[in-house]
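K.L.:
Mind looking at a prediction? Sequence and model below.
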Amino acid sequence: MHYLRIHNRSNHPQTFQCHGYNGNKDLTINANGQANIEAPDGTSGAIIAVHEGAIGEQCGITKSGWQGNDTIDISNICGAGGNMTCQQVGDPAGKFKGHETFMQACNTAWHKLPQAKKDQLKGHVFLDVKGNVKRIGAPKDFQPLEQFVRTFANGRTYIGVGAWGPSQGNPEDNKQSAAGKGSKDILIIYSDGNAAPDPSKPFTGQSLAFNLMAIPSAGKDEVSSIKAEEGGKTGAEEAGKPAADGHAVVAEAAKPEAQITNTVHLMAVAAAASGPGILLTNKSAKNNTYFFYDNYWNGNGEAGANFDHPLKHVAVGPNQTTYVPLPLSFKGRVQRGDQIPATWGEFQVKASNDGRAHGDISLEQGCDGAATVAATDGTNVSNGFTQDIVKGAPAAALGKKPNGEKVLASTEGNWNGPGNNAAVDWEYKQLGHGKAYIKGGTGVPDVASRNNCLHFTFYVV
């Protein structure tokens, strides 16, 4: 078992939101105290410092992710009120992520600003009674604030520019997604002073094995459209319902929102999100084409799945990511190829109750590989799975696509026959109940994104 080793090196108790860890419960660490939280391989989440009720600096974690390596980063996308760093335990003291004196650098830069710039940042930079910076808002929400933060923290933390216009992101941000070496305990330091693992040792660079963001991004011109027939959509939603309209074919109750974070996704999305739709990553060594199916109808917690009239399709090269624009009215799914059984990425671009995009992963119509879904609005929320669960599955759980590809059979059944109970048992054994829909329509946290753009990643062995 590996652990998140969180140190509060300040002279006051510090509260952290724990997403994906500690039972998703807030954690308050006493002054100069520390806490150890279990972090099993395959888990993802974030430790987020809270200041005056607002979230700030955060450490995003994916344990033993792609190729068995940890991926960690420090992000200030949502704000800051203290200093935070992280590293894999055992790394040299000077090798870490995050700006060890972020707030001090921020305060120095603030006092050098002309009054006109300070006025521009009013409501986004918060001062104490002495006129020094005590907290900043979310750079992702206000471009002038993002530009200000870059003057003193560029390349040292994830700041983010991808949500504005057609920008493909800042390369200094993308570097923050570099993976570590293997799976280890993670050291997270919070401080009002120097948050370096050893304050006497200067920063010498990030410790990394390779950069997961070193993948080309396909252009929008690769996305081809086929006009869809739309009819019978009610768009009705239950008031206050946080879930996507209509999970697959069956009715469902409201889904809780996911609290799981995938650092790799966060880095990628900020680099490419540019409007309503999705980011789509083909995490494989071969070309794949993905098909988008708009539901035939949507009701109160249920939907009519579309199996034969795709809205559009897009070809994505090996280990490439592309942005796929979609209408705000889209409610349906994306899958690899146009045959089933297949893994479904279910989503709607804009819910009528809260205006956000919502999505989840479903294996109810089969599984032809792992998939994840992540928010792109800087909230560090994702769900799904990355392991190959087709490999090693019992023969009774397997099926084939019409093209002969070996897959896990449908768990709910369709016109080809009833659901496969062996597949149900195998998938629950491998994934548990919270990562993807396997049987039934409740119990899996969905992912929501305020900017109406989710990021789906499909893994193919």
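P.N.:
Received the coordinates, thanks. Numbers count the residues shown, from 1 in each chain.

K.L.:
low-scoring stretches of the stretch 1-150 of the chain, by residue?
P.N.:
Segments of the stretch 1-150 of the chain classed as low confidence (criterion: pLDDT under 70) are 66-67.

K.L.:
quick one, helices of it?
P.N.:
With DSSP state H, counting those that start in this stretch as the criterion, the stretch 1-150 of the chain has helices at 102-111, 115-120, 143-153.

K.L.:
how about those helices, which one is nearest residue 200?
P.N.:
helix 102-111 (16.7 Å; CB to CB). In this view, the C-beta of every residue, glycine as well, is placed from N, C-alpha and C.

K.L.:
Report the inter-axis angle for the closest one versus helix 143-153.
P.N.:
An angle of 110 degrees separates the directions of helix 102-111 and helix 143-153 when computed by axes from the mean of the first three to the mean of the last three CA atoms, to 10 degrees.

K.L.:
What is the helix or strand residue 279 falls within packed up against?
P.N.:
Here residue 279, judged by DSSP states H and E, is contained in strand 277-283. For strand 277-283, the elements it packs on are helix 263-272, strand 288-294, strand 312-316, strand 320-325, strand 453-459, judged by 3 or more CB pairs under 8 Å, 6 or more residues apart in numbering; DSSP states H and E.

K.L.:
Okay, now the sheet partners of the last one, with direction.
P.N.:
Strand 453-459 sits in its sheet next to strand 277-283 (parallel), strand 371-375 (antiparallel), going by DSSP bridges.

K.L.:
Show me the contact partners of the last one.
P.N.:
Residues external to strand 371-375 that are found in contact with it (CB atoms under 8 Å, 6 or more residues apart in numbering): 262, 265-266, 269, 343, 345, 347, 357, 359-361, 381-386, 436, 447-450, 454-459.

K.L.:
cool, the first one as well?
P.N.:
The set of residues external to strand 277-283 that reach it, using CB under 8 Å, 6+ apart, is 66, 215, 268-269, 272-273, 288, 290, 314, 316-326, 334, 345, 347, 349, 376, 452-460.

K.L.:
between that strand and strand 288-294, how big is the angle?
P.N.:
Compare the direction of strand 277-283 with that of strand 288-294 by the same axes, to 10 degrees and you get 150 degrees.

K.L.:
Kindly report the same for the shortest one.
P.N.:
Relative orientation of strand 371-375 and strand 288-294, computed by the same axes, to 10 degrees: 60 degrees.

K.L.:
Need the CA coordinates for the next helix or strand after strand 371-375. PDB is fine.
P.N.:
Next helix or strand after strand 371-375 toward the C-terminus (DSSP H and E): strand 382-385. The C-alpha coordinates for strand 382-385 follow below in PDB (Å, rounded to 0.1, in the frame of the first residue of the first chain):
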ATOM      1  CA  SER A 382     -12.800  12.400 -13.600                       C
ATOM      2  CA  ASN A 383     -14.000   8.800 -13.600                       C
ATOM      3  CA  GLY A 384     -13.600   5.600 -15.600                       C
ATOM      4  CA  PHE A 385     -10.800   3.100 -15.700                       C
END
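
K.L.:
Relative to the whole chain's centre, how far out is strand 382-385?
P.N.:
8 Å (CA atoms, centre = their mean, to the nearest Å).

K.L.:
who does the next helix-or-strand element following that strand touch, helix- and strand-wise?
P.N.:
Scanning the chain past strand 382-385 towards its C-terminal end, the next helix or strand to appear is strand 398-400 (assignment: DSSP H and E). Strand 398-400 sits against strand 406-408, with contacts defined as 3+ CB pairs under 8 Å, 6+ apart.

K.L.:
Give me the buried positions along the strand it packs on.
P.N.:
Applying a neighbour-count criterion of 16 or more other CB atoms under 10 Å, the buried positions in strand 406-408 are 407, 408.

K.L.:
Quickly run through the sheet partners of the helix or strand following that strand, with directions.
P.N.:
Stepping forward along the backbone from strand 406-408, the first helix or strand reached (DSSP H and E) is strand 413-414. According to DSSP bridges, strand 413-414 forms sheet pairs with strand 417-418 (antiparallel).

K.L.:
show me where pLDDT drops low in the stretch 151-300 of the chain?
P.N.:
161-169, 174, 177, 207-274, 297-300.

K.L.:
Residue 422 contacts residue 408, doesn't it?
P.N.:
No. No contact is recorded between residue 422 and residue 408 when judged using CB atoms under 8 Å, the distance being 9.2 Å.
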